[in-house]
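> Fold the following.
(chains A and B)
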Number of protein chains: 2
Amino acid sequence: MLAASAPDLTAVSVEHLLLLIAVILVAAKVLGEVAERIGQPAVVGELLAGVILGPSIVGFIDPTLPALHLMAEIGVVLLLFSIGLETDLKRLMSVGGAAFTVAIVGVLLPFGAGFGVARALGIELLPAIVAGAALTATSVGITARVLSDLGQLHSVEGQIVLGAAVIDDVIGLVILAVVSDLVAGNAPSILGVFRTTAMAFGFLAATLLLGRVVLPPLFALISRTGKEHTLATMALVLAFLLAVAASELGSALIVGAFAAGLVLAPTEHAPVIERGIVRLANVFVPIFFVAVGAAVDVRTFGSPGVLVIGLALTGVAVLGKLAAGYAPVWIRARKTLIGVGMIPRGEVGLIFAQTGLAAGVINAGEYSALMLMVLVTTFIAPPLLRQLITKAPAGPSGSQPDAGAVVEMTTEA
Amino acid sequence: MLAASAPDLTAVSVEHLLLLIAVILVAAKVLGEVAERIGQPAVVGELLAGVILGPSIVGFIDPTLPALHLMAEIGVVLLLFSIGLETDLKRLMSVGGAAFTVAIVGVLLPFGAGFGVARALGIELLPAIVAGAALTATSVGITARVLSDLGQLHSVEGQIVLGAAVIDDVIGLVILAVVSDLVAGNAPSILGVFRTTAMAFGFLAATLLLGRVVLPPLFALISRTGKEHTLATMALVLAFLLAVAASELGSALIVGAFAAGLVLAPTEHAPVIERGIVRLANVFVPIFFVAVGAAVDVRTFGSPGVLVIGLALTGVAVLGKLAAGYAPVWIRARKTLIGVGMIPRGEVGLIFAQTGLAAGVINAGEYSALMLMVLVTTFIAPPLLRQLITKAPAGPSGSQPDAGAVVEMTTEA
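As a prediction, the model looks like this:
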């Protein structure tokens, strides 16, 4: 195969991409292993690998590289697909009210407080709105991965955080659309907001309802070819198609991938599919986390202005989500755990900040302050979660995450 | 995760890429299954899926899309890595003389005959050289995949074809360098040719020698983390790094990936690594074959000039490689099988044609004639091979490919 000598049709050469993937995987693996040795979730090491390899320190990874962006996106799609595959929809629905409450409060409080703090620190109206918006959304990817690393994905708190983070993601898209309208100087339309919201949640509902009817017979047919890998490949195709459909309908890629996992989870093929996806995920998911880490530039954090605004925003970002964890007052669960689980802003916060910067609404200092907020919330949550879990191993919701005792934890359902 | 709404930093959106991968995988799977049902290797169906989805017919796949090119290259790297993992170096070396002879004769005969036919049909000197050069190299990817599909990878003939195709690939790179010099109007330097050849083969020898010393202890260390997927991931990293190193040293990406597989094959970790790589290969390898199919535009084949030149070149392309199969006269093996195994030109022939076209040395008609040659040689070999294998199931080399009876088949070693 002589393609190495073919006329270079690509923005990045194959050699460059392979080298990039190789270095990312080694750095993620080594720092992930180190993180685990000191009792932290592996994802902390992977994010740190990104910060180190990124432009702030080593400068090996250019986070704006399109090919890296594509690989990272495939990674987070695979992550949410495999999380969906492990999720029991009934169980998730049984905490649906609590998750919804956490999501809504977790958007309103940080937005209000972030906006207020920004204004109090002398920031103009529009950039203050962007700052508040950047504080609203939770990083589903980081949250789900940390819960999974800590074996808490199936606990009541894990399910509430997962559900709330997914709902948050849909709300976040709506807010992003509104903010984009505002920064473009347009009045956001109430009708548009309503339509986007309805489409996003409608897609999820339609997929779950239709998927349960259409997919089991389809996958039974595929499994009759007798090839295990065909089943896993077709499941991947489904995840990709639903991700694209979700995105086209105004929801997020990962919401579609998560829905694909949810639909396939109760089928008899789920274990086979999961085995196939895990191998792919092992390669692509670390690329996502390293890319998120690389997108944070720590060089600008030294300036006093950035530090003051950044840490003030970080404070309300943490407190806002913590309070949101206590919002579903009627449930019996470790509410601090829920709140802390919602803290990481990760790539979602970065996108808000980047949108504001690209539109010229926020300046470089404000952008750096938001990056500081993203960095701290992202890195603070995993160790805090770990400490909370080891501290209270036998809280009211128990430490056996798969005990199936969800119903008694909640007064609704 | 809001990346779907992020400022579009990529030449192709994530949605587009996911949709492309999904459609490619479904088409490859369906046509691959159909091919198998009618007794053909699955790869024929995958190549056909590419021709159908490509610009000639449906127009869904743009073969010049950089992201597709990158995915396809990862596919062929994974393919050759897994072929290497299944290859016993001792066994390959025992037919090394035969493989080398097949490779050399299989380059010289098609080049001479192709050049002669082209000149006889009134083609100018330089384009005739390009046409001859396009006839020289065998597609390692297609050859290896067909042999694997037919369960013949481990037969003597399979090993000779594999070895010869890899050697061909290195020679092909040297020829491409010479041809590129010629089309650029430079005199090719004998010293340059010698250096490129020495570096390419030197890399392979150094990797195999050093790798056997350095890698087993390294992988023993990694396996002590107790995580199976870490082992597979680090093996992937090795394959990528050696592929890049090979390419940088003037050899081809896939030669490095193949060498990585060869080095790891005798270790105790090979089965674990293979299990991990197979899942990735199931996704990426079909993308490679579909991309090769899509790069062939069948719309131009109708013109009489294209047909005459194309079929004449196809004739000498087939006969030249067939004769090369008989070149190692001293071995006892199914020599027709070897010759037919060398016939597919696949992506390698396309690259020569594209280089000539891009440099303005060959015209659109000559380019189409070369594409016709690539198409016919690529599609003719798999069914011919299958017929030869089922016809002579108990030839002198036997039909038990893993009988371990290589030594008696060859008078050298």
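> From now on I want contacts and neighbour counts done on CA atoms only, so please keep to that.
Noted.
> what comes up buried for the helix or strand harbouring A:Thr336?
With secondary structure defined by DSSP states H and E, A:Thr336 is part of helix A:335-341. For helix A:335-341, the neighbour count (16 or more other CA atoms under 10 Å in any protein chain shown) marks A:335-341 as buried.
> Which helix or which strand is home to the residue in the stretch 101-250 of chain A that chain B sits nearest to?
Residue nearest to chain B within the stretch 101-250 of chain A (CA to the nearest CA): A:Val237, separated by 4.7 Å. Taking DSSP H and E as the criterion, A:Val237 maps to helix A:228-248.
> chain center to the helix holding A:Thr336: distance?
Computed by CA atoms, centre = their mean, to the nearest Å, the chain-centroid distance of helix A:335-341 equals 16 Å.
> For that helix, give the mean pLDDT please.
Averaging pLDDT along helix A:335-341 gives 93.
> Which elements pack onto that helix?
Other helices and strands packing on helix A:335-341, by 3 or more CA pairs under 8 Å, 6 or more residues apart in numbering or on different chains; DSSP states H and E, are helix A:156-183, helix A:304-325, helix A:364-391.
> repeat that with 10 Å
If you count contacts as 3 or more CA pairs under 10 Å, 6 or more residues apart in numbering or on different chains; DSSP states H and E, helix A:335-341 packs onto helix A:96-120, helix A:140-149, helix A:156-183, helix A:304-325, helix A:364-391.
> hmm, back to that, the residue of the stretch 101-250 of chain A closest to chain B against B:Val23, yeah?
Yes: between A:Val237 and B:Val23 a contact is recorded at 7.8 Å, counting by CA atoms under 10 Å.
> hang on, the earlier thing: if I look at the residue of the stretch 101-250 of chain A closest to chain B, what pLDDT would I see?
Reading off the confidence values, A:Val237 has pLDDT 95.
> now A:Asp8
So A:Asp8 comes in at 36 (pLDDT).
> center of chain A - which residue?
Nearest residue to the geometric centre of chain A (CA atoms, centre = their mean): A:Val140, 2.4 Å.
> For it, which non-adjacent residue is closest in space?
Residue nearest to A:Val140 in three dimensions, not counting chain neighbours: A:Ala165, with 5.3 Å by CA to CA, 6 or more residues apart in numbering or on different chains.
> pLDDT value on the one you found, please?
91.
> quick one, what contacts it?
Residues near A:Ala165 by CA atoms under 10 Å, 6 or more residues apart in numbering or on different chains: A:99-100, A:102-103, A:106, A:137-141, A:143-144, A:159, A:171-172, A:341-342, B:1.
> Could you rerun that using 8 Å?
Listed by CA atoms under 8 Å, 6 or more residues apart in numbering or on different chains, the contact set of A:Ala165 reads A:103, A:137-140, A:143, A:342.
> most surrounded residue in these?
The most crowded member of these, judged by other CA atoms under 10 Å in any protein chain shown, is A:Ala137 (37 neighbours).
> Look up the pLDDT of that one for me, please.
Looking at A:Ala137, its pLDDT stands at 82.
> picking up where we left off before, any chance of the buried residues of helix A:335-341 in CSV, with distance to A:Ile273 too?
Output for those, formatted as CSV (distance: CA to CA, whole Å):
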residue, distance to A:Ile273
A:Lys335, 34
A:Thr336, 34
A:Leu337, 31
A:Ile338, 30
A:Gly339, 32
A:Val340, 31
A:Gly341, 28
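> quick one: which two of the contacts of A:Ala165 are the most distant?
The most widely separated members of these, counting by CA to CA, are A:Ala103 and A:Thr143 (13.4 Å).
> A:His154: how many residues sit nearby?
A:His154: 23 neighbours (other CA under 10 Å).
> Same question for A:Arg334.
Residues lying near A:Arg334 (other CA under 10 Å) number 19.
> Pop out the phi and psi values for A:Thr196.
Per-residue torsions, A:Thr196: phi -60, psi -50 (degrees, to the nearest 10).
> State the distance from it to A:Gly132.
20 Å (CA to CA, to the nearest Å).
> Looking at these two, which is more packed in?
Each of A:Thr196 and A:Gly132 has its neighbours counted (other CA under 10 Å); A:Gly132 has more, 27 against 19.
> Contact partners for that one?
By CA under 8 Å, 6+ apart, A:Gly132 lies in contact with A:110-115, A:118.
> how close does the closest residue to A:Pro328 other than its chain neighbours get to A:Ala35?
Of all residues not flanking A:Pro328 in the chain, A:Ala98 sits nearest, at 5.2 Å (CA to CA, 6+ apart). Look at A:Ala98 and A:Ala35: by CA to CA, they are 32 Å apart.
> quick one, which of these two is more surrounded?
Legend: neighbour count by other CA under 10 Å for A:Ala98 and A:Ala35, higher for A:Ala98 (27 against 18).
> surely that one meets A:Ala333?
No: contact criterion CA atoms under 8 Å: A:Ala98 and A:Ala333 do not qualify, at 10.4 Å.
> got a pLDDT number for A:Thr101?
At A:Thr101, pLDDT is 95.
> Tell me how far it lies from B:Leu153.
Distance from A:Thr101 to B:Leu153, by CA to CA: 60 Å.
> more neighbours, these two?
Using other CA under 10 Å as the criterion, A:Thr101 and B:Leu153 rank with B:Leu153 on top: 24 against 20.
> Excluding chain neighbours, give the residue nearest to the more buried one in space.
Nearest residue to B:Leu153 in three dimensions, chain neighbours excluded: B:Leu147, at 4.9 Å (CA to CA, 6+ apart).
> just A:Leu204 next, same as before
A:Ala259 (6.7 Å).
> The one you found: neighbouring residues, count only.
A:Ala259 is flanked by 27 other residues according to other CA under 10 Å.
> show me the contacts for it.
A:Ala259 makes contacts with A:81, A:84, A:204, A:207-208, A:242, as judged by CA under 8 Å, 6+ apart.
> List the buried residues for the helix or strand hosting A:Pro286?
According to DSSP H and E, A:Pro286 maps onto helix A:270-294. Neighbour-count burial for helix A:270-294 flags A:270-271, A:273-294 (criterion: 16+ other CA under 10 Å).
> which ones among those come in contact with chain B?
Filtering these for neighbours of chain B using CA under 8 Å from any CA of the partner chain leaves A:276-277, A:279-280, A:282-283.
> and those residues as JSON lines, adding pLDDT and distance to B:Leu264?
Formatted as JSON lines, those follow (pLDDT from 0 to 100; distance: CA to CA, whole Å):
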{"residue": "A:Gly276", "pLDDT": "87", "distance to B:Leu264": "22"}
{"residue": "A:Ile277", "pLDDT": "91", "distance to B:Leu264": "24"}
{"residue": "A:Arg279", "pLDDT": "87", "distance to B:Leu264": "19"}
{"residue": "A:Leu280", "pLDDT": "91", "distance to B:Leu264": "21"}
{"residue": "A:Asn282", "pLDDT": "91", "distance to B:Leu264": "20"}
{"residue": "A:Val283", "pLDDT": "93", "distance to B:Leu264": "19"}
